[in-house]
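Participant: I need the structure of the sequence given here:
(one chain, ligands or ions: 1)
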Amino acid sequence: MLTCSDCGREYADDAAAPWRCECGGALDYADQPLPDADHPPEHLDRDRGLWAFEPFLDTERAVTLGEGWTPVVDAPAWDTDFKLESVFPTGSFKDRGAALTVSRAAELGVDRVLEDSSGNAGLAIATYAARAGIDAEIYVPAEAKPGKLRAIERTGADVVRVEGTRGDVTDACVEAVERGEGWYASHAWNPAFFRGTATFALELAAQRDWEVPDAVVTPLGHGTLFLGAYRGFRALRAAGWTDGMPRLLGAQATGAAPVADALGGGAPDNAPSNTAADGIQIREPARLDGILAAIAETDGDAVAVGPEATEREHDRLARAGFHVEPTCATATAALADYRERGVLAPEDDVVVALTGTGLKG
Ligand SMILES: [Zn+2]
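Facilitator: Numbering: from 1, shown residues only. Modelled structure (predicted):
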């Protein structure tokens, strides 16, 4: 069963389910599956990748490329740990969501999936669709990074370049979905995608012997990882495998920071737009209310990071051995900001998600 996060309407979870509620709200699964045991297992089979967490996933047919168990590494220059979500088959955490979403598409017998993306989610969906033998059509901004577009095209997916804003790209894709051209495998709207990104939290807890950190910092656009992490940590606590919730702290880009703006942490209107952070250029997140609720519940926050701090941190990360895309640098810049302002105390145990590789060109 699918349920609307805004009005509570319910829909059967089948191939005929709409991509969103008739009220315009985002749909989610009515229930979070939980494991039978109220304590974590002694051993998880890491060879199964993120499918080691199958009791939380409720998806039977696995389309997999070995995704999951990204490394958690010490980052002494930042006095924190990084979870290297750049280490995935297509170089970003979006593979978590793509694996679950395309598995669901395969279960439903879908033969064509549509997605709109600035690059990472499009490549993830196109790649997992290729693995599953499902056709893919990816809508991208005309000015998206050429390296990302070439990679999407090499999977055999149809790439549709759309002039205009990131919102125009989504509109073009949605029109095609509404014309019946394919199943909407959206990283912003499809609930299966968030079930996949929730495995970020499941893994991180397992890698820390089921102790959740005090806080997690992630880049924040549509909230694909942010909300996924929230749901994963909640599921772990509901299962009795962990105690407590980490604070969820977001890093947005100036010029596209609706969450930070809503919380009073945005930049002044005349601040330069941070377009280098191309992965989080989202002015109208599909699940804004859910993001704000997760922040309220976890004593979280969101801040807008400008282009200078992003460029500085991006260089610093590369010089420390972390080949990540500029979007990730907003997260370490936000970490510094949260500490400077006392949102985070020096003794807080913090994990930062580095969400995508810098090797896509
Ligand atoms: Zn609704």
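
Participant: any low-confidence regions in the protein?
Facilitator: Filtered on pLDDT under 70, the chain yields the residue ranges 361.

Participant: for the nearest residue in space to residue 91 that is not next to it in sequence, grab phi and psi.
Facilitator: Excluding its sequence neighbours, the residue lying closest to residue 91 (C-beta to C-beta, 6 or more residues apart in numbering) is residue 357, at 3.6 Å. For the C-beta atoms, the positions are set from N, CA and C on the backbone; glycine is no exception. Dihedral angles of residue 357 (phi, psi; degrees, to the nearest 10) stand at phi -70, psi 150.

Participant: one more: residue 324?
Facilitator: Dihedral pair for residue 324: phi -120, psi 160, per degrees, to the nearest 10.

Participant: coming back round to it: tell me how many other residues crowd the residue nearest to residue 91.
Facilitator: 20 (other C-beta atoms under 10 Å).

Participant: dump the residue contacts of it.
Facilitator: By C-beta atoms under 8 Å, 6 or more residues apart in numbering, the contact list for residue 357 reads 86, 87, 91, 92, 323, 324, 325.

Participant: bridging residues for it?
Facilitator: residue 324 (DSSP bridges).

Participant: for the stretch 51-200 of the chain, what spans make up the strands?
Facilitator: Ranges of strands within the stretch 51-200 of the chain are 72-75, 80-84, 112-116, 135-141, 158-162, 183-184, based on DSSP state E, counting those that start in this stretch.

Participant: what parts of the stretch 201-350 of the chain come near the ion?
Facilitator: Counting by C-beta under 5 Å from the ion, none of the residues of the stretch 201-350 of the chain come close to the ion.

Participant: what about the helices in the stretch 201-350 of the chain?
Facilitator: 224-239, 258-263, 288-298, 307-319, 326-340 (DSSP state H, counting those that start in this stretch).

Participant: can I get these in a markdown table including mean neighbour count?
Facilitator: Output for the helices of the stretch 201-350 of the chain, formatted as a markdown table (neighbours: other C-beta atoms under 10 Å):
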| stretch | mean neighbour count |
| --- | --- |
| helix 224-239 | 24 |
| helix 258-263 | 20 |
| helix 288-298 | 18 |
| helix 307-319 | 17 |
| helix 326-340 | 25 |
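
Participant: how about these, which one is nearest residue 25?
Facilitator: If you check each of the helices of the stretch 201-350 of the chain against residue 25 by C-beta to C-beta, helix 288-298 wins as the nearest, at 8.5 Å.

Participant: most tightly surrounded among the strands of the stretch 51-200 of the chain?
Facilitator: strand 112-116 (a mean of 26; mean count of other C-beta atoms under 10 Å).

Participant: just the CA coordinates for it, please, in CSV.
Facilitator: Listed next in CSV are the C-alpha coordinates belonging to strand 112-116 (Å, rounded to 0.1, in the frame of the first residue of the first chain):
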residue,chain,number,x,y,z
ARG,A,112,10.7,1.4,-20.0
VAL,A,113,11.8,3.7,-17.2
LEU,A,114,12.0,7.5,-17.3
GLU,A,115,14.1,9.7,-15.0
ASP,A,116,15.2,13.4,-14.8
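
Participant: sheet partners, orientation included, of that strand?
Facilitator: strand 135-141 (parallel), strand 183-184 (parallel).

Participant: among the ones you listed, which comes closest to residue 109?
Facilitator: Residue 109 lies closest, by C-beta to C-beta, to one member of the strands paired with strand 112-116: strand 183-184, at 9.8 Å.

Participant: reformat the contacts of residue 357 as JSON lines; add distance to residue 222 and neighbour count.
Facilitator: JSON lines is the format used below for these (distance: C-beta to C-beta, whole Å; neighbours: other C-beta atoms under 10 Å):
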{"residue": "86", "distance to residue 222": "19", "neighbour count": "24"}
{"residue": "87", "distance to residue 222": "22", "neighbour count": "17"}
{"residue": "91", "distance to residue 222": "18", "neighbour count": "26"}
{"residue": "92", "distance to residue 222": "13", "neighbour count": "30"}
{"residue": "323", "distance to residue 222": "24", "neighbour count": "14"}
{"residue": "324", "distance to residue 222": "19", "neighbour count": "25"}
{"residue": "325", "distance to residue 222": "16", "neighbour count": "27"}
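
Participant: between those residues, which is closest to the ion?
Facilitator: residue 92 (30.0 Å; C-beta to the ion).

Participant: for whatever residue of the stretch 251-361 of the chain ends up closest to the ion, what are its contacts?
Facilitator: As assessed by C-beta to the ion, the ion sits closest to residue 289 within the stretch 251-361 of the chain, at 11.6 Å. Applying C-beta under 8 Å, 6+ apart, one finds that residue 289 lies in contact with 5, 6.

Participant: for residue 244, see how far away residue 279 is.
Facilitator: Distance, residue 279 to residue 244, by C-beta to C-beta, to the nearest Å: 29 Å.
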